[in-house]
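Peer 1: Need the 3D shape of this:
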Amino acid sequence: MAAFEIHDEDLSSLRGQTILITGAASGIGLGTTKLLLEKGAYVVAGDMNELPVEHERLTSLRTDVTSWANLSALFKLAKSKHNKIDGVFANAGISGRTTYLDEKLDENGDLLEPTHLVLDINLKAVVNTVALAIHYMRRQDSGGSIVLTASASSFQRFRAVDYTTSKHGVLGLMRGLVPILQPDIPIRLNAIAPSWTTTGLVPEGFIEKVASIGTQTPAVVARSVAILFADSRRNGQLIYSVEGKYSEAEGTLLKAAVDIVGEANEDMVMAKLLKAMSGFGVSAEKKEEDRAAS
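Peer 2: The predicted model follows:
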């Protein structure tokens, strides 16, 4: 992985930017909110809980990210107040709830459906946040920048099963969208992959005591978010942070894939298929709809 450092001067372009954040009242979201305000940005923050900070450049709205109406209201607020949305940080998330090994039965002894709350918040809500971000940003001459909260578990085995599933999905969302956004749609899309961070999901000091490993603060992770908004050269990157050290992981992961499958990768084939289909005057989506309807 390509290690790098983040200096304060690298974040100077944040001044004057308008950035929308979900899950802004605690953990990484709160740390990022504080850093962006410090660097002169305007922040529109959404969370179910009240933010523990006040600032003249901070606007907040109670937001349930599982509600499309709530998310839409948050974006409308940002647009109406600032007339632009330069960046969106799709960050809201919760810890794991099930391993799918649980056997909760109903009164008839039949297996109950597993809870999907983690998938709804960590993945579906991120998808919806990104869809809204693209909707607003593609109508701006300047485009915009989107950052997703993935995880170190996005590319590793991790036994919090529903959480890991959701975070693999977040990385998949980035990988699916990056090839089709630019250059036609001037929107950059990146993600962060924090390792163990003191966010309140685990009691402070507990990880160090039990596992004898170091952790990092939300303020450290916030800098990885900030650099992705500030540096216009970054697109399709996954910044892995561990104990305060930063690395760009996606380039290494994609190189490993090329080493396995060669240059004729799946996306190149898909691009050729879509181009060929467009030559017949029918989109791939239309063909799929027709096939499903038959």
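Peer 1: Tell me the pLDDT of the residue nearest to residue 74 when sequence neighbours are not counted.
Peer 2: Leaving out its chain neighbours, the residue that sits closest to residue 74 by Cβ to Cβ, 6 or more residues apart in numbering is residue 46, at 4.4 Å. C-betas here are computed from N, CA, C, even on glycine. With respect to pLDDT, residue 46 scores 98.
Peer 1: Check which helices and strands the helix or strand harbouring residue 46 is in contact with.
Peer 2: When elements are assigned from DSSP states H and E, residue 46 belongs to strand 42-47. On a contact count with 3 or more Cβ pairs under 8 Å, 6 or more residues apart in numbering; DSSP states H and E, strand 42-47 meets strand 18-22, helix 27-38, strand 58-62, helix 68-82.
Peer 1: low-confidence ranges in this structure?
Peer 2: 1, 200-205, 208-209, 211-212, 263-264, 280-294 (pLDDT under 70).
Peer 1: got the residue ranges for the strands in it?
Peer 2: Taking DSSP state E to define them, one finds strands in the chain at 2-4, 18-22, 42-47, 58-62, 87-90, 144-149, 187-194, 238-242, 245-248.
Peer 1: partners of the last one, with directions?
Peer 2: This points to strand 245-248. strand 2-4 (antiparallel), strand 238-242 (antiparallel) (DSSP bridges).
Peer 1: What of the fourth one?
Peer 2: Sheet pairing of strand 58-62 (DSSP bridges) gives strand 42-47 (parallel).
Peer 1: So what's the gap between stretch 82-91 and the chain middle?
Peer 2: Distance of stretch 82-91 from its chain centroid, counting by Cα atoms, centre = their mean, to the nearest Å, is 13 Å.
Peer 1: Residues touching that stretch, excluding its own?
Peer 2: 17-24, 28-29, 32, 42, 44, 75, 78-79, 125-126, 129-130, 132-133, 136-137, 140, 142, 144-149, 225, 229 (Cβ atoms under 8 Å, 6 or more residues apart in numbering).
Peer 1: what ranges do the helices span in the stretch 151-294 of the chain?
Peer 2: With DSSP state H, counting those that start in this stretch as the criterion, the stretch 151-294 of the chain has helices at 161-181, 206-211, 218-230, 250-261, 266-279, 284-293.
Peer 1: Check which helices and strands the longest one is in contact with.
Peer 2: By that I understand helix 161-181. Packing partners of helix 161-181 (3+ Cβ pairs under 8 Å, 6+ apart): helix 117-119, helix 125-137, strand 144-149, strand 187-194.
Peer 1: Any idea which of the ones you listed gets closest to residue 11?
Peer 2: Proximity to residue 11 (Cβ to Cβ) singles out strand 144-149 among the helices and strands packed on helix 161-181, at 13.2 Å.
Peer 1: So what are the sheet partners of the closest one and their directions?
Peer 2: For strand 144-149, pairing defined by DSSP bridges yields strand 87-90 (parallel), strand 187-194 (parallel).
Peer 1: any idea which of the ones you listed is most buried?
Peer 2: Of all the strands paired with strand 144-149, strand 87-90 has the most neighbours on average by mean count of other Cβ atoms under 10 Å, namely a mean of 28.
Peer 1: Would you mind listing the residues in contact with residue 221?
Peer 2: Counted by Cβ under 8 Å, 6+ apart, residue 221 has contacts 28, 31, 32, 192, 194, 197, 241.
Peer 1: how about 7 Å then?
Peer 2: For residue 221, the contacting residues are 28, 31, 192, 194, 197, 241, by Cβ atoms under 7 Å, 6 or more residues apart in numbering.
Peer 1: The third one reaches residue 240, doesn't it?
Peer 2: Read that as residue 192. No - counting by Cβ atoms under 7 Å, residue 192 stays clear of residue 240, with 8.1 Å between them.
Peer 1: Now tabulate the strands of the chain in a markdown table and tack on distance to residue 12.
Peer 2: Listed next are those as a markdown table, based on distance: least, Cβ to Cβ, whole Å:
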| stretch | distance to residue 12 |
| --- | --- |
| strand 2-4 | 17 |
| strand 18-22 | 15 |
| strand 42-47 | 16 |
| strand 58-62 | 20 |
| strand 87-90 | 15 |
| strand 144-149 | 15 |
| strand 187-194 | 18 |
| strand 238-242 | 19 |
| strand 245-248 | 18 |
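Peer 1: Before I go, just wanted to say thanks for your time.
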